[in-house]
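[1] Sequence plus the predicted model coming up.
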Amino acid sequence: MAKTFGASLLVGVGWFVTAVIAAAVGEWSVPEQPDRDCSGFGACLSLLDILPVIVFVAGVPLLLVLLLAVTAAVTRLKLPAALAGTLSAALTAAVVGAGVALYGATR
């Protein structure tokens, strides 16, 4: 049980690391835009500038706790570690996505 849980957790974390790296690479591959007015606060910040703050300050603790809880529940189904980790990452992303959608709907 402990081996499956650890391997499943690593697979789940791997999916989120892959998503963050994909977002960073996608931002780096966008060509440079012409000069624009940057007089306002945060007017010239790109996703790549804000990404470390989002990931390390807000995202990591929330995702880690949620992923731990979901992985603990999914590993009880006796699935292979790769499938359990992928399912854990998908369920965690769905919960976070629903929370973001709910937050957006109430604003």
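    Good, I have the coordinates.

[2] center of the protein - which residue?
    In the chain, the residue lying closest to the centroid (C-alpha atoms, centre = their mean) is residue 16, at 4.6 Å.

[3] For the least confident helix or strand in the chain by mean pLDDT, enumerate the helices and strands it packs against.
    Across the helices and strands of the chain, mean confidence by mean pLDDT, DSSP states H and E is lowest for helix 47-53: a mean of 72. Helix 47-53 sits against helix 2-28, with contacts defined as 3 or more C-beta pairs under 8 Å, 6 or more residues apart in numbering; DSSP states H and E. Every residue, glycine included, has its C-beta placed from N, CA and C.

[4] what packs against the helix it packs on?
    Under the contact rule (3+ C-beta pairs under 8 Å, 6+ apart), helix 2-28 is packed against helix 47-53, helix 60-75, helix 81-106.

[5] Next, the buried residues of that helix.
    4, 5, 7, 8, 9, 11, 12, 13, 15, 16 (16 or more other C-beta atoms under 10 Å).

[6] quick check: angle from that helix to helix 60-75?
    With axes from the mean of the first three to the mean of the last three C-alpha atoms, to 10 degrees as the criterion, the two stretches helix 2-28 and helix 60-75 enclose an angle of 140 degrees.

[7] What's the mean pLDDT across helix 2-28?
    Helix 2-28 shows a mean pLDDT of 82 in the predicted model.

[8] How about stretch 57-72?
    pLDDT averaged over stretch 57-72 gives 78.

[9] Mind listing what's buried along that stretch?
    Using 16+ other C-beta under 10 Å as the burial criterion, the residues of stretch 57-72 that qualify are 63, 66, 67, 70, 71.

[10] And the residues you listed, which is closest to residue 89?
    residue 67 (7.1 Å; C-beta to C-beta).

[11] thinking again about what came up before, can you put the buried residues of helix 2-28 in CSV and add distance to residue 87?
    Converted to CSV, these look like this (distance: C-beta to C-beta, whole Å):
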residue, distance to residue 87
4, 12
5, 13
7, 13
8, 8
9, 12
11, 9
12, 8
13, 14
15, 10
16, 14
